[in-house]
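Colleague: Provided below are the primary sequence and the corresponding predicted coordinates.
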Amino acid sequence: MAAPPFLSVTKSLDLWRISSSHWGAFRARTDGRKILEVRPFEGDREPSPLLASIPAAVHSPNRIASPCVRKGWLAGRDASDRTQRGREPFVPVSWDKVLALVSGELARVRERHGSRAIFNGACGWASAGCFHHARAQAARFLNCGGGHTQHLTNFSFGAGMVLLKRVIGTDAPLWGPGTSWASIAEHSKLMVCFGGLRATNVQMEAGGCADHASLSWMRRARDAGVRFVGISPLRTDMPGFLDAEWIAIAPGSDTALLLALLHELVASGRHDRDFLARCCVGFDALLRYLRGDDDGAPKSAHWAEHICGVPAARIQALAVEMAMQRTFISLGWSLQRADFGEQPYWAALSLAAALGQVGLPGGGIGFGYGSIARQGMRAPRARAPRLEAGANAVPDAVPATRAIDMLCNPGASLTFDGRTLVYPDIRLLYLCGGNPFHHHQDLNRLLEAWRNVETIVVHEPWWTASARHADIVLPATTPFERNDLACGSLDRHVVAMQRLVAPQGNARNDFDIFCDLSEMAGTREQFAAGLDEDGWLRQLYAKIDDASLPGFDEFWRRGVVELGVEEEGEEPFAAFRADPLRAPLSTPSGKIELFSEAIDRLGLADCAGHARWYAPREGGEHACFPLHLVSHQPATRLHSQLDDGPVSQASKVRDREPVLMHPADAVSRGIVSHDVVRVHNDRGACLAGVIVTDDVKPGVVVMATGARYDPLEPGVPGTLEIHGNPNVLTHDGGTSGLAQGSCAQSARVEVSKWLAPVPAMTLHRPPSFSSIQAWE
Ligand SMILES: Nc1nc2c(c(=O)[nH]1)N[C@H]1C(S)=C(S)[C@@H](COP(=O)(O)OP(=O)(O)OC[C@H]3O[C@@H](n4cnc5c(=O)[nH]c(N)nc54)[C@H](O)[C@@H]3O)O[C@H]1N2
Ligand SMILES: Nc1nc2c(c(=O)[nH]1)N[C@H]1C(S)=C(S)[C@@H](COP(=O)(O)OP(=O)(O)OC[C@H]3O[C@@H](n4cnc5c(=O)[nH]c(N)nc54)[C@H](O)[C@@H]3O)O[C@H]1N2
Ligand SMILES: [Mo]
């Protein structure tokens, strides 16, 4: 990718202030009102081109200028027609008025229905910054007021979290740092990457990363002679410079391939019997399944070929290659964000165990090396400070992906990680730092569910679809309008986020909004702890446990300080490998559970006691729609954030989100590049702009997430989405009764050429406002 124009700017640093974002630290030149220029932090080896979108985002015409209330809600909540959400105009109101309304609603719902009737639906990324972290601020405020129903796990790797805790006793390898890139470069000979190593994904880090290094490490590994194999439906999932072999696989079929690799390994007698006996339990049960003792179907390479589309001979050869040399198995997070997403992780762990390299330098298994900046890096000795949310008096919680189901079915129950949860009856939805019209699957079902809630409150800097479909909208500042400190997960830099410009319009900090609301509720002392922004930043900075850091004032003056890093430590699982009895895992057996009695006892129809193949719910012989839709992370933005910035806009095809299609699939439908198409299934339909390419496997179409939801008829379930938001097509079921993770990658669709005039988009301008006077 060519260097973005801002990289060439050379001006005196004195005029520049420093700040940070999920896509990296940067310096900005401003005139106090406007951000004029942005350039990456000079210590960043691989700065993200997305930094160029910051000025446009901060000064976007899509900023929310003042507090607003939906007209019908303002006229009377109980009589208001909830189907008008997203259609009816908003009435701008004063801050005093809006705070009184929100405070009154919170008190009313708590009194009448209990605190469990309030759902904090923001399970999103919000913005970088340890203090002004919108989601943590909201959780702390709601907890001080009596609690709220919260969510469990996450969209990113919910299935992986639950499964790994059960079978290796911890989900730490998902969060990182796992086996270091240094160890891979030095010791691995082969790195087999399921879901690839996406170069654009590793630009991102929750909380920011001041020095991106994943690509440099990949280059070092390549130069050291590591051979890379990328297994995914999209060729470009592996950076071109790795010269990787591409094994094109049908999405959702990795479990079949992994079981076949294991089957071939055992059939050729190359499995590590000693490791399996010393460090694992349950290999025999798995072996019976692999041999087909009970179902008559050996899980051989020939069996898998028909499921995953990888030739049997290549599977057999790969099994031998993996056994003959130091091999690292890398699993993207995407694999488990699919129907039965627990299975590819369990099957890969079983394969790694049979290869017997777990705990050896550069061997074994790891997760997310192409998903996020931090994975494989050396950890700083001190961890990032976090704003404490405090105790939540409400015990109710739902897996993040089940939010719509909860709103549709109050009182219904579901299984989660061996427990039975009961959905509370939600009356008030409070969103601060997440965008359900981005993150949730099946947006037409979301629109239906939305109608079951009496009041929807949204804090947002921008007119996102969630704000447009709310009742009460509070304009929030962006991080560049306030002071904060950034210290991303496992980043070794602490960055002063120095306020760049004054709050735009009438925007206020989430913290200040919650201070006023807690004052009205009588909980301000508890919420703010007597501190203002400056006091909080000093307190959080002081919590960083690293004696080498300068005092706060010196840190603020310098702008960036570095934490000490751990020496290159022991390989993950090395101690366990050496002596599993003295260093057991936190599993019931103390060993790797290839068969889990505890999971088996749950008796789930969709997650048995060992890894096994389940055909995707809508694929195979059940397929009503011929194409498999992969909706991966966007290269040009973070989720829905920065979608109206120049980098994302430049990637659109005729203003629509691009959809990648194989030439064979395009020709048979009379489609060529730059056509606008309708992507559809029985859940919904959206428009998209075609790019025909043989980088995708035939039968697969790929659309990134995060095109802002733009309905042809706002508020109407089933309406055509005209921009290209794939979540009108995805299903919102859980991975299984075990983890209830997201299945975003499992949608089936059809694509047809759009022959009617292409409708003009509406999301680049604010919604309509009522001409009636603001009601003071
Ligand atoms: N189809 C499909 N869907 C997916 C996925 C997929 O792979 N495919 N991936 C899933 C995953 S892994 C994730 S993590 C989710 C991400 O989903 P989200 O995290 O919900 O997505 P974002 O667009 O980052 O939403 C964050 C929102 O916070 C707002 N915000 C930013 N800063 C502030 C602030 O200071 N204050 C306030 N009040 N608001 C702020 C932003 O404007 C934005 O609207 O999406 C999930 N959805
Ligand atoms: N630029 C950018 N980077 C991001 C984000 C962003 O929004 N923008 N979001 C961040 C977040 S919140 C997260 S959780 C991570 C997610 O990290 P991942 O889950 O690793 O990322 P994805 O891009 O969704 O998926 C990576 C690739 O997996 C492949 N894939 C999909 N399904 C399958 C399958 O069934 N089998 C195989 N073998 N491959 C498959 C797809 O071709 C896809 O390109 O990314 C983070 N990084
Ligand atoms: Mo995520």
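Modeller: Arrived safely. Ligands and ions are numbered 1, 2, ... in the order given.
Colleague: can you pull the contacts of the closest residue to residue 739 other than its chain neighbours?
Modeller: In space, and not counting its chain neighbours, residue 739 is closest to residue 162: 3.7 Å by CB to CB, 6 or more residues apart in numbering. Just so you know, the C-beta spots here come from the backbone N, C-alpha and C atoms, and that holds for glycine as well. The contact partners of residue 162, by CB atoms under 8 Å, 6 or more residues apart in numbering, come to 153, 171, 342, 416-417, 738-739, 741.
Colleague: Next one: residue 162 relative to residue 415, how far apart?
Modeller: 11 Å (CB to CB, to the nearest Å).
Colleague: Might you list the low-confidence residue ranges for the stretch 251-400 of the chain?
Modeller: Judged by pLDDT under 70, the stretch 251-400 of the chain has no weakly predicted residues.
Colleague: number of nearby residues for the residue in it that ligand 1 sits nearest to?
Modeller: Closest residue of the stretch 251-400 of the chain to ligand 1, CB to the nearest ligand atom: residue 337 (5.5 Å). Neighbours of residue 337 under the rule other CB atoms under 10 Å: 27.
Colleague: wait, doesn't it sit right on residue 734?
Modeller: No. With contact defined as CB atoms under 8 Å, residue 337 does not reach residue 734; the gap is 11.3 Å.
Colleague: Give me the common contacts of those two.
Modeller: 741-743.
Colleague: for this protein, which residue is closest to the average position?
Modeller: residue 156 (3.9 Å; CA atoms, centre = their mean).
Colleague: In this model residue 660 seems to touch residue 701, though I could be wrong.
Modeller: Yes. Proximity of residue 701 to residue 660 meets the contact threshold set by CB under 8 Å, at 6.5 Å.
Colleague: higher neighbour count, the two?
Modeller: residue 701 (27 against 21).
Colleague: what's in contact with the helix or strand that contains the more buried one?
Modeller: Assigned by DSSP states H and E, residue 701 falls within strand 700-702. Under the contact criterion CB under 8 Å, 6+ apart, strand 700-702 has outside partners 233-234, 250-251, 627-632, 659-662, 665, 679, 696, 749, 751.
Colleague: how about the residues of the stretch 651-776 of the chain that lie near ligand 1?
Modeller: 705, 726-727, 730, 744 (CB under 6 Å from any ligand atom).
Colleague: who touches residue 217 in this structure?
Modeller: 181-182, 184-185, 376.
Colleague: likewise residue 336?
Modeller: Neighbours of residue 336 in contact, by CB under 8 Å, 6+ apart: 157, 159-160, 163, 342, 344-345, 735, 741.
Colleague: which residues in the stretch 401-550 of the chain form helices?
Modeller: 403-408, 436-439, 443-450, 465-468, 510-521, 524-528, 533-542 (DSSP state H, counting those that start in this stretch).
Colleague: can you put those helices in TSV and add mean neighbour count and distance to ligand 2?
Modeller: Shown next, in TSV, are these (neighbours: other CB atoms under 10 Å; distance: least, CB to the nearest ligand atom, whole Å):
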stretch	mean neighbour count	distance to ligand 2
helix 403-408	22	17
helix 436-439	25	9
helix 443-450	22	17
helix 465-468	26	16
helix 510-521	20	20
helix 524-528	17	28
helix 533-542	17	24
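Colleague: Residue 486 is nearest to which of these?
Modeller: The closest of these to residue 486 is helix 533-542. By CB to CB, the value is 11.0 Å.
Colleague: ok, residues contacting that closest one?
Modeller: Under the criterion CB under 8 Å, 6+ apart, residues 130-131, 385, 387, 482-485, 494, 509, 511, 531, 549, 552, 555 lie in contact with helix 533-542.
Colleague: Show me what residue of the stretch 401-550 of the chain gets nearest to ligand 1.
Modeller: In the stretch 401-550 of the chain, no residue comes nearer to ligand 1 than residue 439, which is 3.2 Å away by CB to the nearest ligand atom.
Colleague: can you name the two of the contacts of helix 533-542 that are farthest apart?
Modeller: Spanning the widest gap among the contacts of helix 533-542 are 509 and 549, at 25.5 Å by CB to CB.
Colleague: Pick out whichever of those two has more residues nearby.
Modeller: The residue with more neighbours, out of residue 509 and residue 549, is residue 509; 22 against 18, by other CB under 10 Å.
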